[in-house]
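Peer 1: Starting from these lines, generate the structure:
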Amino acid sequence: MTTSWGKNSLVLILLLGFLQSQEFNQIYGFITDENSGEALIGANVYLAGTDRGTATNHDGYFVIYVKKDDQ
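Peer 2: Take a look at the predicted model:
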């Protein structure tokens, strides 16, 4: 099965345009073990009272994007 780079590029450009047209705040940080200080890989992070969340990466880092007009 082959894919068209042109078609995939158009979808990516449209998606990036949509994301840029929205105004977002970022909530970000690092999650580490309290005792050892090591990064917690794959820890789930949720914004309380919402369905927004993410998981930490291999460095314990996370980012949650929230539209500025969301409460």
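Peer 1: how about Phe30, what does it touch?
Peer 2: Neighbouring residues of Phe30 by CB atoms under 8 Å, 6 or more residues apart in numbering: 39, 56, 59-62. In this view, the C-beta of every residue, glycine as well, is placed from N, C-alpha and C.
Peer 1: Could you dump these into CSV with pLDDT and secondary structure added?
Peer 2: CSV is the format used below for the contacts of Phe30 (pLDDT from 0 to 100; DSSP: H, G, I helix; E, B strand; the rest coil):
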residue, pLDDT, secondary structure
Ala39, 92, strand
Thr56, 93, coil
Asp59, 92, coil
Gly60, 91, coil
Tyr61, 91, strand
Phe62, 91, strand
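Peer 1: From those, pick the one nearest Tyr46.
Peer 2: Phe62 (10.3 Å; CB to CB).
Peer 1: ok now do the closest one, which residues does it touch?
Peer 2: By CB under 8 Å, 6+ apart, the neighbours of Phe62 are 28-31, 43, 45, 54-56.
Peer 1: circling back: out of the contacts of Phe30, which end up buried?
Peer 2: 39, 56, 60, 62 (16 or more other CB atoms under 10 Å).
Peer 1: excluding its backbone neighbours, what's nearest the third one?
Peer 2: In this case it means Gly60. Ala39 (2.9 Å; CB to CB, 6 or more residues apart in numbering).
Peer 1: Check the gap between that neighbour and Phe30 for me.
Peer 2: Taking CB to CB, to the nearest Å as the measure, Ala39 falls 7 Å from Phe30.
Peer 1: Relative to Gly49, which of the buried ones among the contacts of Phe30 is nearest.
Peer 2: Once CB to CB is applied, the member of the buried ones among the contacts of Phe30 that ends up nearest Gly49 is Phe62, at 17.7 Å.
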